[in-house]
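Visitor: From the sequence below, what's the structure:
(chains A, B, C and D)
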2 protein chains.
Amino acid sequence: MPELTERQKTLLLLIIRDYIESAQPVGSKRLVEHYRINLSSATIRNEMAALTEMGYLRQPHTSAGRVPTEEGYRYFVSQMMNQAELPESVQATISHQFHQSQPDVDQWMTLAASILAHQSQGVSVVTAPHADKAKYKHVELISTQGRQVLMVLVMVGGEVNQQILTLAESVSQERLSQSASRLNGLFAGLAVDAIAALPARSDALDQDILTLIVQAMRRTADRASGEIYTDGLSNVLSEPEFAESDEARRALRLFEKSSTLQDLLVRTTTNSNIGGLQVLIGGEGEWEELRQCSIVLARYGVPGLATGTLGVLGPMRMAYAKTIPTVRFVAGLLSDLVNDTIVGE
Amino acid sequence: MPELTERQKTLLLLIIRDYIESAQPVGSKRLVEHYRINLSSATIRNEMAALTEMGYLRQPHTSAGRVPTEEGYRYFVSQMMNQAELPESVQATISHQFHQSQPDVDQWMTLAASILAHQSQGVSVVTAPHADKAKYKHVELISTQGRQVLMVLVMVGGEVNQQILTLAESVSQERLSQSASRLNGLFAGLAVDAIAALPARSDALDQDILTLIVQAMRRTADRASGEIYTDGLSNVLSEPEFAESDEARRALRLFEKSSTLQDLLVRTTTNSNIGGLQVLIGGEGEWEELRQCSIVLARYGVPGLATGTLGVLGPMRMAYAKTIPTVRFVAGLLSDLVNDTIVGE
DNA sequence: AATAGCACTCTCGCGTTGAGAGTGCTAACT
DNA sequence: AGTTAGCACTCTCAACGCGAGAGTGCTATT
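Guide: All right, here's what the predicted structure looks like:
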């Protein structure tokens, strides 16, 4: 791919910025009128032709202005990655909201999703922090009715797993508490494999619970991510590109099947570093449903202990300039929160 | 309002049924051709004129067929309320799905929402069972880090309240467990007011926890309903009436602000009996966002112990004939499940 | 009371047309 | 050589007109 001259670079960024704002193909004349450029429209036309030739722009039809291609957006985003800090005042507002909220993962996730959706005018996704290798911390068993028992399983890192068990026979709350207490003494800090490798318990109830705990921990580990929080779904319907086609419906459907969404998040962020952003433009050939969309994703958390993903989905014409720094900033915030909560345990 | 003749009644129902299927104004000729009626189109025209006069039908424009008015839909629904059973086979399928799922409230709610959305092709809403007067059952305190403690509070009826507390000073897990155990012995089966009325505890930690428990129970009671589950959001976008207008967005927004949605559910079902259906057509003048929509709602559960709401939102042109019996049936199922889970405690 | 016939109304789809926007190319200019 | 003015050309889009079709209400008839 040929190099861009400085002027082409400036023009390309200008054109994309304008298109993101106006949602309309931008022509040479409009460009001259709206921005202070010391060039005539004819010169700009030449440059536009060149940029089109190089694959950064395209024309919806012969006599329309130019529109960015996926390649164009990619260039735009790459230029933006390095710089683009969120204004101090916005940073302060967001931090403030987090610090005055309850110190509760659920609250944080909801808040993060809400902030992202609001700032970016897109659909936000946030997954709860999740440990790849969960370590046992504590179990509580609460008799509910008959043979049914509520098991609350807490992992190191604070991940909570709640589940109803059905035992072979009815057991008193007292015996349950004793059993839980015995297991807590035994398992503290162990990973699932270590627990499974322990010799069988002589007490039948203890052994049953142990088996169920191992199952629950395995299941938690298999889930590739924590619970998914989302917000701003209605934002996407305001976008003109989704107004009448059923593009919007396809993208929305992705959000209803949480398994697909999880797959997407995992596959695209699994190798990315904490703090590193990833921007998927037009589904990158992999995601048919997202051909018209872009996603800005980031991982947060403490590697090895608990990590999660957060991001924003919007039309390809998304407000990257605002979304990217916001996602980056919120990811940093959540990382700090996870860090503060876990470290020292 | 004048009485309808038997023939007018038949015709009105037929017209509405046809319109619900086809989504197009239905004319006299179409009616004669598609259904075996021993009448000429001219006669039908006369009757249609009468029905229009009476306010059950209306014409989008002079030379179009008839479309039901809100009044028309109301009549249609009222006719359907008494009869309309779900086919045995469908009942069986749904029951089966419930009985083979995990005995877990979260699972049930998700499943109920999924079934409702799928059957009705609308957006479903299900709220978790919730007790107006929560009774204490059990508390567990799990130290997480420093002064932070995870409190798991279980109510009679199985409602679980999970919360992070920040204590005045760091406390060992052992002391927490002891405190929890003392309180459990003391509070079992009591309502929040009874607990608040108890004399202060001599132990400072016990007293702190007690206060926090009362707060948590009050907060739970103040929430007018349990957690909200929803499904089928993308269905609503397929409906032609929402294709391009922004009606859809307004209705969707209702679902994003869970507070508004809760308000709606509470206000419309607060006085309705378990098992009784309520159908809101066109927002009934109260809900501007729902002017084009209908909602079928039902309460389920065991009055006085734990109740919840479930329902379906769709266009006014919704498939009532399928939705109403489904909502009624699922409500019955959930009532049974709640009953089985709670009774005997 | 029910129906056949008829004149009337209104929407919708379709082809036409003219204005406007934007382009690419060429020739002139710096 | 790079830049610019001018111009012919292309294409979309909104407006318009028009005819077909659907549906109605009314009247006269059975």
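Visitor: going forward, measure contacts and count neighbours with C-alpha atoms only.
Guide: Will do.
Visitor: just the helices in chain A please.
Guide: For chain A, applying DSSP state H gives helices covering A:6-22, A:28-34, A:41-54, A:70-82, A:88-99, A:105-120, A:173-187, A:192-196, A:204-222, A:235-238, A:247-256, A:258-269, A:320-342.
Visitor: Identify the residues contacting stretch A:158-170?
Guide: A:129-131, A:146-154, A:212, A:216, A:220, A:342, B:102-104, B:144 (C-alpha atoms under 8 Å, 6 or more residues apart in numbering or on different chains).
Visitor: distance between the ends of it?
Guide: Terminal residues of stretch A:158-170 lie 30 Å apart, using C-alpha to C-alpha, to the nearest Å.
Visitor: try stretch A:224-231
Guide: 21 Å.
Visitor: Report whether the expected contact of A:Gly189 with A:Lys137 is present.
Guide: Yes. Counting by C-alpha atoms under 8 Å, A:Gly189 touches A:Lys137, with 5.7 Å between them.
Visitor: so what's in contact with the two at the same time?
Guide: By C-alpha under 8 Å, 6+ apart, the residues touching both A:Gly189 and A:Lys137 are A:Val156.
Visitor: Looking at these two, which is more packed in?
Guide: Remark: of A:Gly189 and A:Lys137, A:Lys137 carries more neighbours, 23 against 18, as counted by other C-alpha atoms under 10 Å in any protein chain shown.
Visitor: Please verify my assumption that A:His118 contacts A:Ser234.
Guide: No. Using C-alpha under 8 Å as the test, A:His118 is too far from A:Ser234 to be in contact (11.0 Å).
Visitor: Pick out whichever of these two has more residues nearby.
Guide: Taking other C-alpha under 10 Å, A:His118 and A:Ser234 do not tie; A:Ser234 has more neighbours (22 against 16).
Visitor: What's the local residue count around A:Lys9?
Guide: A:Lys9 has 16 nearby residues by other C-alpha under 10 Å.
Visitor: ok, it to B:Asp340 distance?
Guide: Taking C-alpha to C-alpha, one finds A:Lys9 at 69 Å from B:Asp340.
Visitor: One more: A:Ser172?
Guide: Where B:Asp340 is concerned, A:Ser172 sits at a distance of 19 Å (C-alpha to C-alpha).
Visitor: now swap in A:Ala188 and tell me
Guide: 35 Å.
Visitor: Of the two, give the one with the bigger neighbour count.
Guide: Comparing A:Ala188 with B:Asp340 by other C-alpha under 10 Å, the one with more neighbours is A:Ala188, at 16 against 12.
Visitor: Correct me if wrong: that one contacts A:His138.
Guide: Yes. Counting by C-alpha under 8 Å, A:Ala188 touches A:His138, with 6.9 Å between them.
Visitor: burial of A:Thr323, as a residue count?
Guide: 26.
Visitor: try A:Leu313
Guide: 26.
Visitor: can you check A:Glu169 too?
Guide: Count around A:Glu169 with other C-alpha under 10 Å applied: 9.
Visitor: now do A:His99
Guide: 11.
Visitor: go on, A:Thr5?
Guide: 10.
Visitor: Same question for A:Asp104.
Guide: 15.
Visitor: Give me the distance between it and DNA strand C.
Guide: Distance of A:Asp104 to DNA strand C, computed by C-alpha to the nearest atom of the strand, to the nearest Å: 51 Å.
Visitor: how close does the nearest residue to A:Ala200 once chain neighbours are set aside get to A:Leu198?
Guide: Distances taken as C-alpha to C-alpha, 6 or more residues apart in numbering or on different chains place A:Gln207 nearest to A:Ala200, at 6.5 Å, with adjacent residues excluded. Separation of A:Gln207 from A:Leu198 (C-alpha to C-alpha): 11 Å.
Visitor: Neighbour count: the two, which is higher?
Guide: Neighbour comparison, A:Gln207 and A:Leu198: the larger count goes to A:Gln207, with 16 against 11 (by other C-alpha under 10 Å).
Visitor: what does chain A put close to DNA strand C?
Guide: A:25-30, A:42, A:45-46, A:48-49, A:62-66 (C-alpha under 7 Å from any atom of the strand).
Visitor: List buried members of the residues you listed by neighbour count.
Guide: Buried members of those, counted by 16 or more other C-alpha atoms under 10 Å in any protein chain shown: A:Pro25, A:Val26, A:Gly27, A:Ser28, A:Met48, A:Gly65, A:Arg66.
Visitor: OK, contacts around the fourth one?
Guide: Each residue near A:Ser28 by C-alpha under 8 Å, 6+ apart is listed here: A:Ser41, A:Ala42, A:Ile44, A:Arg45, A:Gly65.
Visitor: And these, which two are furthest apart?
Guide: A:Ala42 and A:Gly65 (13.5 Å; C-alpha to C-alpha).
Visitor: dump the residue contacts of the residue nearest the centre of chain A.
Guide: Centroid check for chain A by C-alpha atoms, centre = their mean gives A:Leu310 as the closest residue, at 2.2 Å. Residues in contact with A:Leu310 (C-alpha under 8 Å, 6+ apart) are A:Ser124, A:Val125, A:Val126, A:Thr127, A:Leu297, A:Ala298, A:Arg299, A:Tyr300, A:Val327, A:Ala331.
Visitor: Show me what it is bridged to.
Guide: In this entry, A:Leu310 is beta-bridged to A:Val126, A:Ala298, by DSSP bridges.
Visitor: and it, how far is that from A:Tyr300?
Guide: For A:Leu310, the distance to A:Tyr300 - C-alpha to C-alpha - is 8 Å.
Visitor: Over to A:Lys257?
Guide: Relative to A:Tyr300, and taking C-alpha to C-alpha, A:Lys257 is found at 23 Å.
Visitor: now A:Ser63
Guide: Per C-alpha to C-alpha, A:Ser63 is found 46 Å from A:Tyr300.
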